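Peer 1: With the sequence up front, the predicted model follows.
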Amino acid sequence: MPHGVLFRGGEEKKIRQLFIEEDNLEAVIGLPPQLFYGTGIPACILVMRPRGAKPKATQGKVLFINADAEFQAGRAQNSLRPEHIEKIVSAYQDFTTNADYPGIPGYAAVVTQQQLADYEYNCNIRRYADNTPPPEPQDVRSHLLGGVPKSEVDAKQELFTSHGFDPMTLLQRRVG
């Protein structure tokens, strides 16, 4: 399905609400863009089960898997490699076999029916399993005056030490 079915309002929202309240929706798996020939949009898989058919451990819950970064880029079409498929399947199986499965941060999340109701049945995958990298911190002083931010030097201090390199000594020689 296209991702729009996960968050659009109107009749689609009513259908999602019914699936969730009837406990038919077991998992939502987000796939990467350009996976299917002729379309560049990302797709998703909705794993559904008849009412009462979900394992006891997963009843009242929905698993969200954000696999949109799991692909091998191709010229006209992307593809899933065996390791990408294995990661998706493993996350899904961990949910279906483990009552205490919390998910994998940024990749998979278990969400209760109540949480979905609180968000008005919005099933946008990134709301629950967001794999976007954190923003890169900016050092305005370094941008204005030049040089490498001290925080970056401090972050790599262990690497410098392992190679017998002390950037502060070089800085003192240069200034002095």
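Peer 2: That came through fine. Note that the coordinates shown come from a computational prediction; the quantities given were computed from them, not determined experimentally.

Peer 1: for the protein, longest helix please?
Peer 2: When secondary structure is assigned using DSSP state H, the longest helix within the chain turns out to be helix 82-97.

Peer 1: From the contact counts, what lies against the next helix or strand after it?
Peer 2: Sequence-wise, the next helix or strand beyond helix 82-97 is strand 103-104, with elements assigned using DSSP states H and E. Using 3 or more Cβ pairs under 8 Å, 6 or more residues apart in numbering; DSSP states H and E as the contact definition, the elements that strand 103-104 packs against are helix 82-97. Backbone N, C-alpha and C define where each C-beta goes, glycine included.

Peer 1: for the helix it packs on, what is the average pLDDT?
Peer 2: Averaging the model's pLDDT scores along helix 82-97 yields 91.

Peer 1: just stretch 2-20 next, same as before
Peer 2: Mean pLDDT, computed over stretch 2-20, is 95.

Peer 1: what does it rub up against?
Peer 2: Stretch 2-20 is contacted from outside by 24-25, 28, 30, 41-44, 46, 48, 62, 113, 116-117, 120-125, using Cβ atoms under 8 Å, 6 or more residues apart in numbering.

Peer 1: Report how many residues lie close to residue 148.
Peer 2: Look at residue 148: counted by other Cβ atoms under 10 Å, it has 12 neighbours.

Peer 1: State the helix or strand in which it lies.
Peer 2: Residue-wise, residue 148 maps onto no helix or strand under DSSP H and E.

Peer 1: Verify the stated contact: it with residue 142.
Peer 2: Yes - using Cβ atoms under 8 Å, residue 148 and residue 142 qualify as a contacting pair, with a distance of 6.8 Å.

Peer 1: Quick test: name the residue nearest the centre of this protein.
Peer 2: The structure's the chain has its C-alpha centroid closest to residue 131; by Cα atoms, centre = their mean the separation is 3.4 Å.

Peer 1: Helix or strand: which one has that residue?
Peer 2: No secondary structure element spans residue 131, as it lies outside all helices and strands (assigned by DSSP H and E).

Peer 1: for the closest residue to it other than its chain neighbours, what are its contacts?
Peer 2: Distances taken as Cβ to Cβ, 6 or more residues apart in numbering place residue 106 nearest to residue 131, at 4.3 Å, with adjacent residues excluded. Taking Cβ under 8 Å, 6+ apart as the criterion, residue 106 is in contact with 66, 129-131.

Peer 1: Got a ChimeraX select line for the buried ones in those residues?
Peer 2: In ChimeraX syntax, the buried subset of the contacts of residue 106 is picked out as below (16 or more other Cβ atoms under 10 Å):
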select :66,129,131
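
Peer 1: between the contacts of residue 106, which is nearest residue 79?
Peer 2: Residue 79 lies nearest to residue 66 out of the contacts of residue 106, by Cβ to Cβ, at 18.1 Å.
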